[in-house]
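Visitor: Generate coordinates for the sequence data below:
(one chain, ligands or ions: 1)
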Amino acid sequence: MTIEQLKKDVRNVPDFPKKGIQFKDITTIVANPEELRFMCKQLADVYRQKGITKVVGIESRGFILAPALAMELGAGFVPVRKHGKLPYETIEVSYEKEYGMDTIQIHKDALGPDDVVLIHDDILATGGSMQAAIALVRKLDVKKIYVNCLIELIGLNGREYLQGENVDIDCLMEIEVDE
Ligand code: AMP
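Guide: Here you go, the predicted model:
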């Protein structure tokens, strides 16, 4: 198995969810047992010596791999969810999306000063959602934050957008946004 093979098998769906978007569909690669094992291992390998205690997954497609990554790393899984979905007391961050504002939440006791956190999402596009997730996790005074995604969309400058956040970012595949 290679990264190139994985890249080839990500399904591009034109005009979803609306005209002009080239949607990168990862269901094709997570459905393949060999590819699933390969990507989890590759993503986790970067962090084996980092002492990660919690992997934070961003709703909703960040939930696909974050628990598997947490298991690989001997860490726990923590969900960051859209407004109103978490049952216990939460803290939140609001951020601007293409159309209007969005709010994400985390349980207020989900993380603390002893935690070394890996925030995971499937795709890094403009970086807006990841920046909000970083801000949310920071509010809980964790020890250190790392960020990873399965796919970095080249051409949207998400990595540059997150530069000021001063966190290590690792993505397994780079795919052109219009590819
Ligand atoms: P952004 O905040 O722009 O970095 O967008 C990141 C979020 O939007 C991720 O959670 C992705 O799941 C989703 N996303 C953005 N662009 C795409 C795309 N072209 N294909 C699939 N998902 C996308």
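Visitor: mind listing what the residue lying closest to Thr53 once chain neighbours are set aside touches?
Guide: Leaving aside its chain neighbours, Thr53 sits nearest to Asp115 (4.8 Å; criterion: C-beta to C-beta, 6 or more residues apart in numbering). Any C-beta I mention is one placed from the backbone N, CA and C, and that applies to glycine too. By C-beta atoms under 8 Å, 6 or more residues apart in numbering, the contact list for Asp115 reads Thr53, Lys54, Leu140, Val142, Lys143.
Visitor: Which of those residues are buried, as a PyMOL select command?
Guide: Buried residues within the contacts of Asp115, by 16 or more other C-beta atoms under 10 Å, are selected in PyMOL with:
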select buried, resi 53+54+140+142
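Visitor: what about the closest residue to Lys82 other than its chain neighbours, neighbour count?
Guide: Counting by C-beta to C-beta, 6+ apart, Lys82 lies nearest to Glu59, which is 5.5 Å off, once chain neighbours are set aside. Neighbourhood size, Glu59 [other C-beta atoms under 10 Å]: 17.
Visitor: With that, I have no additional questions.
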